[in-house]
Every structure is written in C-alpha cells, then in structure tokens.
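Student: No letters, just coordinates:
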C-alpha cells in the first residue's frame, strides 16, 4: 500500500480515565502503539493531541476541571510538559521520538508564520523516527479550550499539511445510526456531510452534548479541503491500522473535492 499522510486527533475523552479526570496511561500506550504500527507501515503520521489541562490537574492538586479560563490556561502550561514526557517515554519504546508543536489558529493564517510552520512540519516528517505532536498553545490562545477540544485544529492541520486522511478518535464508534439504539452501530459512509451536520445542529439532543457536532464541523472543513475523514472509537486503538486499509468499525467521509490548502 502506498504511503499516506495521516493526521490522528486524540481528544481528552480518550486520553483520560473514565473514572477520574486524569490521564489514562494504558489508553495512551495503546494509542502510541497504533502510531508506531502506522510508522512501521511507511506512513507519515502527525498527531493532534488534547490532554494538557487534564495532565495538569493532578500535579496542581485539582480534584476536577475548573471553569475559569485563566486557571485552565495555567493548568495547560503545567500539564503540557507532563503530556509530552508521557509521549516521549512511550514512543521511545518503539525507537521513535516526539516533536512538540504548539500553535494557534493565527499561525495558519498569518502570511509570515504559515510558511514557516509548514516548513518545520515538512522537515520533521523527513525524519522517520520523529512523530510531530501538535496542540493548541493553550497558555496564550483559548479557542480550542472554549470550543471543540482540538477538533477544529485537527481539520486545519490536515488541510494545511495536505493530508490524505484525518482520523478523529472519540468515545463513539462513529456517527451512530440512532443514538437511542447504539447497538445498531455507526453509519459506514456519509457522502454528504453538509446534510448530516445540518441535521445534527437541528437535533442536538439526538447527538448528545455537542461533541459529535464539533467533530462533524471539523469533518465538513476537511472534506471540503480534499481530505478524507474517519470518525472512530479511540477506545479501540488496535483497529487504527485497519482503518487505513478500509476496514474497521467507523464512519467514513470521502473527500468532497481535490482542492488543497495553499500557503
């Protein structure tokens, strides 16, 4: 199979324990193992990772996530170092290393910054032993802290990097046919995301708290930019390599156009 450019988005919901607001080391190990398998298969992989705030709660002796923005930013500043240390430790077991990139949405829009960011990212990808891990610079920017848990950022990165596929990993197995009947499973393929997102925005209660809506908006942006998207369960990280091969349980969104992000 030809090498692909793959963006994996890890949200806080799949990086933290189900019973406590702190990182889940077992889950993170499984995700990193999937990244290593993709690298071994010859793919170029970029990870967009949330989890900085959650990683800062325990060191700062918080029992739960606070609501005020300044404290969240402070927690992110502390937690980001812990998160990157965890990635480096786990990747090292596979002969890989983490490269941290903290960005804001302005970095993709500014005429001076955007080419520099892309040049650095492209250079990092040339090193087969390096896995770039991107997060919003939460200590100075707040967009992803307020909205979307890095969903929007992942779509921007995928378009910016001219990725072949963006995989949004969440707690759900995909876009469910019926939230009231999860046993029916996800819709396998959605060819018109515009229709789906319109339904989601009109029927928020059907899709839960809005987490899936955020992902569908990210998908909408990415597929219109020429990037195939997949929504799948991050709790089943072992199937990630299969997703690239057209298998696995998920919802697939084919790229709508061949247009690419221009820098």
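Tutor: Good, I have the coordinates. Bear in mind the structure is a predicted one, so any value in this text is a computation, not a measurement. Residues are numbered from 1 along each chain as shown.
Student: drop to CA atoms for contacts and neighbour counts, all remaining ones
Tutor: OK.
Student: what are the ranges of the strands in this structure?
Tutor: 5-10, 44-49, 97-103, 130-136, 165-170, 228-233, 250-253 (DSSP state E).
Student: Can you add distance to residue 244, mean pLDDT and mean neighbour count and give those strands back as a markdown table?
Tutor: Below are those laid out as a markdown table (distance: least, Cα to Cα, whole Å; pLDDT from 0 to 100; neighbours: other Cα atoms under 10 Å):
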| stretch | distance to residue 244 | mean pLDDT | mean neighbour count |
| --- | --- | --- | --- |
| strand 5-10 | 9 | 97 | 24 |
| strand 44-49 | 12 | 97 | 24 |
| strand 97-103 | 22 | 96 | 17 |
| strand 130-136 | 18 | 95 | 22 |
| strand 165-170 | 8 | 96 | 26 |
| strand 228-233 | 9 | 97 | 25 |
| strand 250-253 | 11 | 97 | 24 |
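Student: Turn those into a markdown table, columns for distance to residue 221.
Tutor: Listed next are the strands of the chain as a markdown table, based on distance: least, Cα to Cα, whole Å:
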| stretch | distance to residue 221 |
| --- | --- |
| strand 5-10 | 14 |
| strand 44-49 | 16 |
| strand 97-103 | 19 |
| strand 130-136 | 18 |
| strand 165-170 | 11 |
| strand 228-233 | 10 |
| strand 250-253 | 11 |
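Student: Nearest to residue 71 among these would be which one?
Tutor: Each of these was scored for nearness to residue 71 using Cα to Cα, and the closest is strand 130-136 (15.9 Å).
Student: where in this structure is pLDDT low?
Tutor: Where the chain drops to pLDDT under 70, the residues are 1, 146-148, 199-210, 257-263.
Student: max-length helix in it?
Tutor: helix 69-92 (DSSP state H).
Student: List the buried residues of that one.
Tutor: 72-80, 82-84, 86-88, 90-91 (16 or more other Cα atoms under 10 Å).
Student: Same question for stretch 103-114.
Tutor: Result for stretch 103-114 [16+ other Cα under 10 Å]: buried residues 103, 104, 105, 107, 108, 114.
Student: what comes into contact with the longest helix of the chain?
Tutor: 29, 32, 36, 51-57, 59-60, 65-66, 96-98, 100, 138-140, 142, 145 (Cα atoms under 8 Å, 6 or more residues apart in numbering).
Student: In helices only, show me those.
Tutor: 29, 32, 36, 52, 53, 54, 55, 56, 57, 145.
Student: now, among the residues you listed, which is nearest to residue 249?
Tutor: residue 32 (19.5 Å).
Student: and the closest one, how many neighbours does it have?
Tutor: 19 (other Cα atoms under 10 Å).
Student: re earlier: closest to residue 127 among the ones in helices among the contacts of helix 69-92?
Tutor: residue 36 (13.9 Å).
Student: number of nearby residues for the residue lying closest to that closest one once chain neighbours are set aside?
Tutor: In this structure, residue 36 finds its nearest non-sequential neighbour in residue 94, 6.5 Å apart by Cα to Cα, 6 or more residues apart in numbering. Taking other Cα under 10 Å as the criterion, the count of residues near residue 94 is 16.
Student: State the distance from residue 154 to residue 176.
Tutor: 21 Å (Cα to Cα, to the nearest Å).
Student: for residue 197, same thing?
Tutor: 13 Å.
Student: same deal with residue 46?
Tutor: Residue 46 is 27 Å from residue 176, by Cα to Cα.
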